[in-house]
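Peer 1: Model the structure of this input:
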Amino acid sequence: MKISILDDYFDTVRTLECFAKLSPFEVEIWNDHVESVDLLAERLRDTDVLVLIRERTQVRAPLLERLPKLKLISQRSVYPHINIDACTRLGVIVSSSQHAGTPSYAAAELTWGLVLSAIRQIPQQMAALKAGKWQTGVGGTLRGKTLGVYGYGSIGSVVAGYGKAFGMTGRR
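Peer 2: The predicted structure follows:
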């Protein structure tokens, strides 16, 4: 069985503990992103199982129809990039954990990192430091400020919790 993993930009999959479970199989990991249906069809022509990382690669009928060995597509999260009707017609199973009730903590943490970076002027301070200057500004504080969260869903509520921990205010 051949397993192909697409769009592993940072070659992370090999570092996961669970990767060892794939050792009995032929596994090919692609670290670049390709949009060309012709190139994808060539790369994946002998693939039985396709593992996708998020929604990066479009898997539509023109590609699926050129992958006669494909039996399973596996990924985590939503799948607007996969043509489910074409998969059904071609007998390809799509397995996707929607992780209901579990927010993307990684997305919330990145959002919070950007908030801190902006208020403390981290990019500007780093540029100054690299230029040999020390502390070109003071930066601000979050305590007492109002945090607005657009899209108060599972991720937004986590971001709001971070804001509360930093002493920010907000209304729901």
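Peer 1: Every contact and neighbour count from this point should use C-alpha atoms.
Peer 2: Noted.
Peer 1: Pick out the residue closest to the middle of this protein.
Peer 2: residue 54 (5.0 Å; C-alpha atoms, centre = their mean).
Peer 1: In contact with residue 3, which residues?
Peer 2: Listed by C-alpha atoms under 8 Å, 6 or more residues apart in numbering, the contact set of residue 3 reads 25, 26, 27, 28, 47, 48, 49, 50, 51.
Peer 1: Please pick the buried ones from these.
Peer 2: 27, 47, 48, 49, 50, 51 (16 or more other C-alpha atoms under 10 Å).
Peer 1: For the chain, give me the ranges with low pLDDT.
Peer 2: 98-101, 171-172 (pLDDT under 70).
Peer 1: Would you convert the buried ones among the contacts of residue 3 into JSON lines that also reports distance to residue 4 and secondary structure?
Peer 2: Formatted as JSON lines, the buried ones among the contacts of residue 3 follow (distance: C-alpha to C-alpha, whole Å; DSSP: H, G, I helix; E, B strand; the rest coil):
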{"residue": "27", "distance to residue 4": "6", "secondary structure": "strand"}
{"residue": "47", "distance to residue 4": "6", "secondary structure": "coil"}
{"residue": "48", "distance to residue 4": "8", "secondary structure": "coil"}
{"residue": "49", "distance to residue 4": "6", "secondary structure": "strand"}
{"residue": "50", "distance to residue 4": "5", "secondary structure": "strand"}
{"residue": "51", "distance to residue 4": "6", "secondary structure": "strand"}
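Peer 1: I am finished for the moment; much appreciated.
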